[in-house]
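K.L.:
Need a 3D model of the sequence below.
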Amino acid sequence: RQRQEQLARAGKLFPTETPRTTWPRSMATPLTQQCYSGTYGTCSRCDERGSCLCPSLMSGLSDLLPMDHSQWGGIIYVCPIFDPVIAAMWALGLVCSLFAATVSTYGLVLRVKAAHAQELWAFNERPTRILALLLWSAICAIGLCVCKLYDPTLLIGIDFAPSLFFWGGLSGDFFTGAEHITHVLAKALSAQLSTYGQTYIDEAVAKEAWQLYLHASVASLVYAVPLVGAALSTSGHHDAAVQTSILLITNLGSVIVVSLGVLRFWLRSKSLQATFARSIVTLEASLTVASGGCSQAMATCRRASATIEGGAKPVYLQTLEDEISMLQRTARRFKWHARQVSAEMLGTRLVICAFCAVPFLWNKVSYIFAFNTCLDRLCLTLEIAATYIPKRRDEAAHSIFGLRAICDRLTSRGTAIAV
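P.N.:
Sure, this is the predicted structure:
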């Protein structure tokens, strides 16, 4: 008994035990008795409940898969978000979205005024609908950026407001892409009117538009998954397994729909390039026959010598030559445009696919969302909107805010095929 009393005073017989934290099955076992260490990172300091003590300017407020469960009476597992960086990215996204909305509004107003001057309904024209969809996407992006900057605790897939703006912006982007690609294909096919005829072109464009809108509708359903996550969170389902499922369905679904869309557009563009080649060969054969039935080389020399001698070139020959040149220019522009669209659509989605392949990055998807917001407004909204801004003769009006100069610089890279 005397020995036990001595050990008790020394604190060696009954050491004080620290309570063990219960960790969800979806997360790995802790490195120590309190702090989390596993798939999503390691917490170096935590309190007696096992809640991570985030360093200054760090937090667990990650979209879709939040690491901060304190609002539901849980703990903070890890702190993957560096608040100043994510705030700066959303601020940059806000600036890009505001400028994109300004350019889209500018083009939309010009289109509507031009239609009213001709006593036409503006939205019967596809370029006007494209500009309206671009404006809608930019407004949704502005709403998302404002939500994230005003209250960083509002999370995509957890709260309704950011989830709704997220869905609206990306759905609008897909429907914009459907209208834009349809318009580009219509213009490319119209260049072959003499080969295929108006009826065939109208049927082909209508079929293409229906398929593209179906694809955009499926993509819209994929991006509505965070709204389901917000509804589940509101109803009290905060399990990490549910949140992980929402994250994977949203990101992998977006990768799949974008990849299928790019593959389909690439195959369609290859087919269209082949029709351009056939049309050019047909017109060159017609030009050879119209030149006197000789070989193409001799016909070219004959036309050149006739021009040098001062003889007037027949109108029918000039018409055929102009049509061949127009087809060749359109084919080159369409090929460039197809490459550009494919690269821009696949760029960020490949990054998202890489994120999905590494579970350690799942709670850092907020950086991808913020970066994607900036990139979409710069590469999608601004370039497409500049493409559809109508040309006007009064250059003084174009100088307002320098929009015309910016739009001319954007369209100078080859997107003029869509006008």
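
K.L.:
what is the mean pLDDT for stretch 52-68?
P.N.:
Mean pLDDT, stretch 52-68: 91.

K.L.:
Going along the chain, name the helices of the stretch 1-150 of the chain.
P.N.:
With helices called from DSSP state H, counting those that start in this stretch, the stretch 1-150 of the chain shows them at 2-10, 83-117, 126-150.

K.L.:
Of these, flag the one that's most buried.
P.N.:
helix 126-150 (a mean of 23; mean count of other Cβ atoms under 10 Å). (Glycine included, C-beta is placed from N, CA and C.)

K.L.:
Moving C-terminal from that one, which element do we reach first?
P.N.:
helix 160-190 (DSSP states H and E).

K.L.:
Return the set of buried residues in that next one.
P.N.:
161-189 (16 or more other Cβ atoms under 10 Å).

K.L.:
returning to what we had before: out of the helices of the stretch 1-150 of the chain, which comes closest to Ala386?
P.N.:
Proximity to Ala386 (Cβ to Cβ) singles out helix 83-117 among the helices of the stretch 1-150 of the chain, at 6.6 Å.

K.L.:
and the closest one, what does it pack onto?
P.N.:
helix 126-150, helix 365-375, helix 383-388, helix 403-411 (3 or more Cβ pairs under 8 Å, 6 or more residues apart in numbering; DSSP states H and E).

K.L.:
will you turn those helices into TSV that also has mean pLDDT and distance to Val103?
P.N.:
Below are the helices and strands packed on helix 83-117 laid out as TSV (pLDDT from 0 to 100; distance: least, Cβ to Cβ, whole Å):
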stretch	mean pLDDT	distance to Val103
helix 126-150	94	8
helix 365-375	90	15
helix 383-388	80	5
helix 403-411	46	6
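
K.L.:
Now for the protein, the helix or strand with the poorest mean pLDDT.
P.N.:
helix 395-398 (a mean of 40; mean pLDDT, DSSP states H and E).

K.L.:
Using TSV, lay out the helices of the stretch 1-150 of the chain together with distance to Glu203.
P.N.:
Shown next, in TSV, are these (distance: least, Cβ to Cβ, whole Å):
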stretch	distance to Glu203
helix 2-10	93
helix 83-117	26
helix 126-150	17
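
K.L.:
of the ones you listed, which approaches Arg332 most closely?
P.N.:
The closest of the helices of the stretch 1-150 of the chain to Arg332 is helix 126-150. By Cβ to Cβ, the value is 22.0 Å.

K.L.:
Packing partners of the closest one?
P.N.:
Using 3+ Cβ pairs under 8 Å, 6+ apart, helix 126-150 sits against helix 83-117, helix 160-190, helix 365-375, helix 383-388.

K.L.:
Compute the inter-axis angle for that helix and helix 365-375.
P.N.:
Here helix 126-150 points in a direction 140 degrees away from that of helix 365-375 (axes from the mean of the first three to the mean of the last three Cα atoms, to 10 degrees).

K.L.:
what's in contact with stretch 355-372?
P.N.:
Stretch 355-372 is contacted from outside by 39-41, 60-67, 78, 80-81, 85-86, 89-90, 93, 148, 156, 166, 244, 247-248, 251-252, 255, 348, 351-352, 354, using Cβ atoms under 8 Å, 6 or more residues apart in numbering.

K.L.:
The longest helix anywhere in the chain - what's its average pLDDT?
P.N.:
As assigned by DSSP state H, the longest helix anywhere in the chain is helix 240-290. In this model, helix 240-290 has a mean pLDDT of 79.

K.L.:
relative to helix 160-190, how tilted is that helix?
P.N.:
10 degrees.

K.L.:
mind starting the numbering at 9 from now?
P.N.:
Understood, numbering begins at 9; the last thing we discussed is helix 248-298.

K.L.:
who wins for proximity to Cys387 among the helices of the stretch 9-158 of the chain?
P.N.:
helix 91-125 (10.0 Å).

K.L.:
low-scoring stretches of the stretch 109-258 of the chain, by residue?
P.N.:
Along the stretch 109-258 of the chain, segments meeting pLDDT under 70 span 199, 202-203.

K.L.:
just so I know, which of the helices of the stretch 9-158 of the chain lies nearest Pro398?
P.N.:
That would be helix 91-125 among those, by Cβ to Cβ, at 5.2 Å.

K.L.:
between that closest one and helix 134-158, what angle do the directions make?
P.N.:
Using the same axes, to 10 degrees: helix 91-125 against helix 134-158 is 150 degrees.
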